[in-house]
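Novice: model this:
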Amino acid sequence: MRRFIYAVTLGLSVALGTAACVSPTEPVALSAETIVVDVRSADEFATGHLIGAVNIDVQSSDFETLISELDPTSPYYVYCRSGNRSAQAIDRMSALGFTDLTNGGSVQSASRSSGLPVVGGQ
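Specialist: Numbers count the residues shown, from 1 in each chain. Reported below is the predicted structural model:
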């Protein structure tokens with residue numbers, strides 16, 4: 001019985017997580033209203049980021065404060081180095097009421113799927 005409850009709980013968690021966040025595997029058409037957010041550190045951001053991206057470090061102590069200043073009804077395209085921190089950021093943003101969130105994954109994946117070039121860095 002415990003395994004059944006665990007399986008149902010896990011299934012619901014995956015289903016709810018998927019509904020709150022989409023991780024693109026194919027090209028994504030970003031609207032003019034989409035806000036691109038790089039959740040890496042400022043040093044990582046300086047090595048290269050998607051053109052037009054804003055940098056809000058998910059590991060900073062003021063992440064929630066900075067994110068709360070944004071419009072929760074706007075669409076957001078979130079990425080990081082590998083997709084791990086962007087998933088964490090999306091979970092935290094969802095908890096703050098943001099609903100239109102796309103996980104771009106890594107910088108390279110986000111660039112490929114969105115068509116936005118990487119700028120800055122070397």
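
Novice: drop to CA atoms for contacts and neighbour counts, all remaining ones
Specialist: OK.

Novice: And the helices in the chain, which stretches?
Specialist: Using DSSP state H, the helices of the chain run over 2-20, 42-46, 63-68, 84-95, 107-114.

Novice: Go through those and find the least confident stretch.
Specialist: Of all these, the minimum mean pLDDT falls on helix 2-20 (a mean of 36).

Novice: Which strand residues bridge the most centrally placed residue in the chain?
Specialist: Residue closest to the mean C-alpha point of the chain, counted by Cα atoms, centre = their mean, is residue 78 at 2.8 Å. Beta-bridge partners for residue 78, by DSSP bridges, are residue 37, residue 103.

Novice: Looks like it contacts residue 106 (just checking).
Specialist: No. Here residue 78 does not reach residue 106: they are 9.3 Å apart, not a contact under Cα atoms under 8 Å.

Novice: Would you agree residue 121 is in contact with residue 48?
Specialist: Yes. Counting by Cα under 8 Å, residue 121 does reach residue 48; the two are 4.5 Å apart.

Novice: neighbour-wise, which of these two wins?
Specialist: In this view residue 121 and residue 48 are compared by other Cα atoms under 10 Å, and residue 48 has more residues nearby, 15 against 11.

Novice: Which residues are in contact with the more buried one?
Specialist: Each residue near residue 48 by Cα atoms under 8 Å, 6 or more residues apart in numbering is listed here: 118-122.

Novice: JSON lines please, covering those residues and showing pLDDT and distance to residue 112.
Specialist: As requested, those are exported to JSON lines (pLDDT from 0 to 100; distance: Cα to Cα, whole Å):
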{"residue": "118", "pLDDT": "97", "distance to residue 112": "10"}
{"residue": "119", "pLDDT": "96", "distance to residue 112": "14"}
{"residue": "120", "pLDDT": "90", "distance to residue 112": "17"}
{"residue": "121", "pLDDT": "76", "distance to residue 112": "18"}
{"residue": "122", "pLDDT": "64", "distance to residue 112": "19"}
